[in-house]
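> coordinates only, no sequence provided:
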C-alpha cells in the first residue's frame, strides 16, 4: 500500500514524520518495504499489508493504526452531501440486483451536468505521490476516495447505459467484454458483471468497461459504491487475468458501513471539482449487517497466553485506541469489545489478544529459554503408517511422492466404474486438469522416468489421496499403490502377494487378505480383487499391453492398489499366544489337477471349509502345466501340516482327513489327485 506522508497527515490530529511512521508501523506488524522522496515536501512509504488486514489498504486505515499506537485521534474527511436539488434518482435510473449472494449491497447515485476536465493541482499531487496518473476530475475523485477510504468506486457515463438500467447479474457463457485498459475478454458463466439492458458494462469489483467509461463528452454520471464477496471477485480476477486496485481490496473484504460514506465523499468532491447537480436520494439494492459484533476477552486468559501481567485498565485503554468501545465487567474480569465494521479480521477472543500484543509491544513478550514437552505415545494410525513403510521398504520398494494432477488421457482409464473424474477449472493446469482417481497412473509415470534413464528392477509405492465424483459429491480416499517390474509375472505376483500378506499381518494380526480373480479391468492383463473380511478393498494384477502403451513402458510391470484405511484402522490388534506343543507334527504334500481357470483361492477355500480338526498350517507350493497333464488343466501343489496337541500324531489319524479332503476337492472342483 503506497502511502503519501502529506496525505496521511490530513487524517491525524497531529502530524507525524516518516521515521515515526516506519518505526511504529513496523512494530505493529506493518513493515515499510520502501521509502521515496516525492518533490520537496512529501515522501512515499510503501506499507506491507497482510492479506487479513484489508482495512489498512487506505490512508485512513494507516492513520487509524498510527493513532492507536501514538494516542492521536483520527480526523475523518467531510462526507456530507451537497444540496440535492435534482429529481429523484429512481426516476432517472433503475437498478436490479439479481445476485445478492455475491453482491450483498449495491448503491448508485446520479450526478447530471458535470463538466469533465483536468483535476486541480492538489488532487494531481496526491495521486502522483503514490504512483497514479491523473485521468480527469471525475475518475481522479473515484481513485482518490479509493486510496483514502479503501472503498472502491466506479463512475459510468449514464448516456452509454442502454435502457437507463443497471443490472447486477452473473454472466452468460460466451458474452464478450472490453475493459477500460483495452483488453478483451470472453466471459464464463457465473462471473459477476454490472450490465445495462443489453450487455456487461463492468466486471464487478474488478474493472469497468470501455464502452461506458467517463470521457470528455460525458455529462451525466452514475456513481457506483458496492460490496462484492471476496471469493467471487478473486475467482473472476484470476480467470480473466485482470487485476486492479479495486479487486485487490474486494478480495480482502471492505467495510460494509463504508459503502455509503465513500459514495457521499465522492459525490461531494465531484460536484466541487466538476460541477453538476446531484439527484435526490440514493438507490440501494441489498442491505448491510443490522448490528455490530461483540467479542469478549478474559483478562487472565490474555495474560496467560502472552506471558504478561497487563492490568485490565491497560487492556481497556488499548481497545479504546482501536475504537472498540470496551466495557469491563469487574466481577468476571471480562472485557466486551464492539468490533468496528472495518475490522473484518476480528471475530474470536484470540484475535483480540493479538491486538493487545501488537499495541502493548511484541518486544515486551518474554521468551522462555526452555520448552517443556510432555512425552506421549504416538497415535495408533501414525504407528500403523510407520509399519506400512517398514514392510514395503524391507521388501525393496521405494516410496514416491507424485503430483496429484494428471492429463485426462492418462487418468480416465483408472476412474472407478460408476464414477466420474474430478476436473478443475483452472487455466494454470491446462494440460493436467484432472485430480488423480488412482495412485497407479502416478507410479506408471514415475516408472517411465526411470526407464528413460536406464534404471531396471524398479519397485515403487505411494500412499496418497485419490479423487472422483459420484452423484455430484466428491469422493476422496486414502490409497496405497504399488508397482514392480515383472520379468516373470507369475513369480512377481507371488512375491507381491507375500508382501501384501505381510503388510496385513503387521497391521491386522493375520494374513487377512484374499484374492478373487477378476479379468474385467482393461488396466490388467490378468487381475484380481483384493478382499479384506470379505469386502473388496483393491485390485492386483499384471499390467495390460494397453496400459503399458499408454505410459510408454517397454518393461512388463505388476500393479496393486488398496484402500489402506481399513487396514490402518485395524491397528493395534490383540495377539493370541498359545503354548508350544510338546509333540511332533507331520505334513502331507498333495498335488491336485484342476481346471486352468480354478484359482488357488478356490482350493484354499475348500480346504478351510473342510475344517480338518488337526490341520495346523496350509502352504501353497507351486503350479505345473504340461505333459502328462492334459491341455486346459493344471497341477496345483500344496503342503498341509498336522499336529495333535495331546500326543504324537499317528499315520492312521491323518490319512482319513486327507482322504476326506481329496473327495471334497473332487466333488466341488472336479479335481483329481496327481500320482
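Right, received. Where do you want to start? Predicted model, so just to flag it, every value in this text is computed and none were measured.

> I'd say residue 634 and residue 624 touch.
Yes - between residue 634 and residue 624 a contact is recorded at 6.7 Å, counting by CB atoms under 8 Å. Yep, even glycine has a C-beta here, placed from its N, CA and C like the rest.

> so residue 190, which state does it fall into?
Residue 190 falls in the coil class when you classify it by DSSP: H, G, I helix; E, B strand; the rest coil.

> enumerate every residue touching the closest residue to it other than its chain neighbours.
Nearest residue to residue 190, sequence neighbours excluded (CB to CB, 6 or more residues apart in numbering): residue 170, at 5.2 Å. Counting by CB atoms under 8 Å, 6 or more residues apart in numbering, residue 170 touches 98-99, 102, 189-193.

> run through the bridge partners of residue 170.
When assigned by DSSP bridges, residue 170 has beta-bridge partners residue 192.

> in terms of neighbours, single out the busier of residue 634 and residue 624.
In this view residue 634 and residue 624 are compared by other CB atoms under 10 Å, and residue 634 has more residues nearby, 17 against 13.

> just say helix, strand or coil for that one.
Per three-state DSSP, residue 634 ends up strand.

> and the average pLDDT for stretch 578-590 is what?
The average pLDDT for stretch 578-590 rounds to 87.

> please renumber the chain so that the first residue is 52 from this point on.
Got it, first residue is 52 now, which makes that one stretch 629-641.

> got the end-to-end distance for that stretch?
Distance between the boundary residues of stretch 629-641 (CA to CA, to the nearest Å) amounts to 28 Å.

> in it, which residues are buried?
Buried residues in stretch 629-641, counting neighbours by 16 or more other CB atoms under 10 Å, are found at 636-637, 641.

> likewise stretch 316-328?
For stretch 316-328, the neighbour count (16+ other CB under 10 Å) marks 316-322, 324-325, 327-328 as buried.

> any stretches of the stretch 352-501 of the chain with poor pLDDT?
477-479 (pLDDT under 70).

> could you rerun that using 80?
Flagging of the stretch 352-501 of the chain using pLDDT under 80 yields the residue ranges 476-481.

> again with the stretch 502-651 of the chain
Residues of the stretch 502-651 of the chain meeting the criterion pLDDT under 80: 626-629.

> dump the residue contacts of the residue most central in space within the chain.
Centrality entry for the chain: nearest residue to the mean C-alpha point is residue 475, 11.9 Å, by CA atoms, centre = their mean. Residues near residue 475 by CB under 8 Å, 6+ apart: 456, 484-486.

> repeat that with 6 Å
Residue 475 is in contact with residue 484, counting by CB atoms under 6 Å, 6 or more residues apart in numbering.

> tell me the spacing between it and residue 489.
For residue 475, the distance to residue 489 equals 17 Å [CB to CB, to the nearest Å].

> same thing with residue 563?
Using CB to CB, one obtains 23 Å as the distance from residue 563 to residue 489.

> for residue 203, same thing?
45 Å.

> what comes into contact with the host helix or strand of residue 403?
Applying DSSP states H and E as the criterion places residue 403 in helix 400-411. With CB under 6 Å, 6+ apart as the test, helix 400-411 has contacts from 79-80, 346, 348, 353, 356-357, 366, 369.

> not counting sequence-adjacent ones, nearest residue to residue 190?
Spatial nearest neighbour of residue 190, chain neighbours left out: residue 265 (5.7 Å); criterion: CB to CB, 6+ apart.

> same question for residue 483.
residue 456 (4.1 Å).

> beta partners for that neighbour?
Beta-bridge partners recorded for residue 456 (DSSP bridges): residue 486.

> so it versus residue 98, what's the distance?
Here residue 456 is placed at a distance of 37 Å from residue 98 (CB to CB).

> which one of these two is surrounded by more residues?
Shown here are residue 456 and residue 98; by other CB under 10 Å, residue 98 has more neighbours (22 against 16).

> and the pLDDT for the nearest residue to the more buried one once chain neighbours are set aside?
Leaving out its chain neighbours, the residue that sits closest to residue 98 by CB to CB, 6+ apart is residue 52, at 4.6 Å. What the model reports for residue 52 is a pLDDT of 92.

> what do you get for residue 186?
pLDDT, residue 186: 95.

> average pLDDT across stretch 84-103?
Averaged across stretch 84-103, pLDDT comes to 93.

> residue 62: neighbouring residues, count only.
When neighbours are counted by other CB under 10 Å, residue 62 comes out with 22.

> hmm, I typed the wrong one, I wanted residue 171.
Using other CB under 10 Å: residue 171 sits among 13 other residues.

> please apply the same query to the one 10 residues further on.
Counted with other CB under 10 Å, the burial measure for residue 181 works out to 18 neighbours.

> which residues touch it?
Residues in contact with residue 181 (CB under 6 Å, 6+ apart) are 53, 55.

> one more: the one 10 residues further on?
Counting by CB under 6 Å, 6+ apart, residue 191 touches 170, 174, 185.

> mind checking the SS state of it?
helix.

> that one and residue 109, how far apart?
Separation of residue 191 from residue 109 (CB to CB): 16 Å.

> now do residue 510
Distance, residue 510 to residue 109, by CB to CB: 59 Å.

> of these two, which one has the most company?
Higher neighbour count among residue 510 and residue 109: residue 109, with 27 against 21, using other CB under 10 Å.

> wait, the more buried one sits on residue 201?
Yes - using CB atoms under 6 Å, residue 109 is in contact with residue 201, at 3.3 Å.

> got the residue ranges for the strands in the stretch 502-651 of the chain?
Ranges of strands in the stretch 502-651 of the chain, per DSSP state E, counting those that start in this stretch, are 510-521, 524-536, 564-568, 575-583, 586-594, 608-614, 637-646.

> may I see the buried residues of the longest one?
Of all the residues in strand 524-536, those buried under the rule 16+ other CB under 10 Å are 528, 530-536.

> which one of these is nearest residue 551?
Distance to residue 551, by CB to CB, is smallest for residue 533 among the buried residues of strand 524-536, at 8.2 Å.

> how far away is residue 120 from residue 64?
Note on residue 120: its distance to residue 64, by CB to CB, is 14 Å.

> need the buried residues of stretch 629-641 in JSON lines with distance to residue 460, can you?
Output for these, formatted as JSON lines (distance: CB to CB, whole Å):
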{"residue": "636", "distance to residue 460": "56"}
{"residue": "637", "distance to residue 460": "58"}
{"residue": "641", "distance to residue 460": "49"}
